[in-house]
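J.: The sequence isn't on hand, but the structure is:
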């Protein structure tokens, strides 16, 4: 659909925008808002891509700008489209990939990235359905 195509365009714009923080923030804001309207499958696919890009931007391929862009789009989904976390899909991307990565990413050496990832962990984690009918007092870390 056209909304999914537009979502992908905003997603790529967040990663490719190097002209200024304000422009990148606006693209990311639009991405997050549109994420709340698009099909869960499209949002999950882009979240998976963001996670892959984050993981590849370490070590010999150290790229703080890519890590920040990845954290930005994941945070945008968690904050502006948190209902997406309640629909895990077949692969359960949120609990198997995004939330564990955000937990690790909350310790990123770049304080901006670590702050964004902490928000993904907190906001996304509070929205995810872990499928338990009773509250046994377990923390999100234990359940994942």
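T.: Good, I have the coordinates. Remember, predicted model here, so these are calculated numbers, not experimental data.
J.: confidence score at residue 72?
T.: With respect to pLDDT, residue 72 scores 97.
J.: My guess is it contacts residue 14. True?
T.: Yes: Residue 72 lies in contact with residue 14 (CB atoms under 8 Å); the separation is 5.9 Å. Heads up, the C-betas are built off the backbone N, CA and C, glycines and all.
J.: Overlap of the contact sets of the two?
T.: 24, 28 (CB atoms under 8 Å, 6 or more residues apart in numbering).
J.: May I ask which helix or strand encompasses the nearest residue to residue 69 once chain neighbours are set aside?
T.: Using CB to CB, 6 or more residues apart in numbering and skipping the chain neighbours, the partner closest in space to residue 69 is residue 15 (4.5 Å). Following DSSP states H and E, one finds residue 15 within helix 2-16.
J.: Show me what that helix is packed against.
T.: Applying 3 or more CB pairs under 8 Å, 6 or more residues apart in numbering; DSSP states H and E, we find helix 2-16 packed against helix 21-35, helix 40-56, helix 64-80.
J.: Alright, that wraps it up for me.
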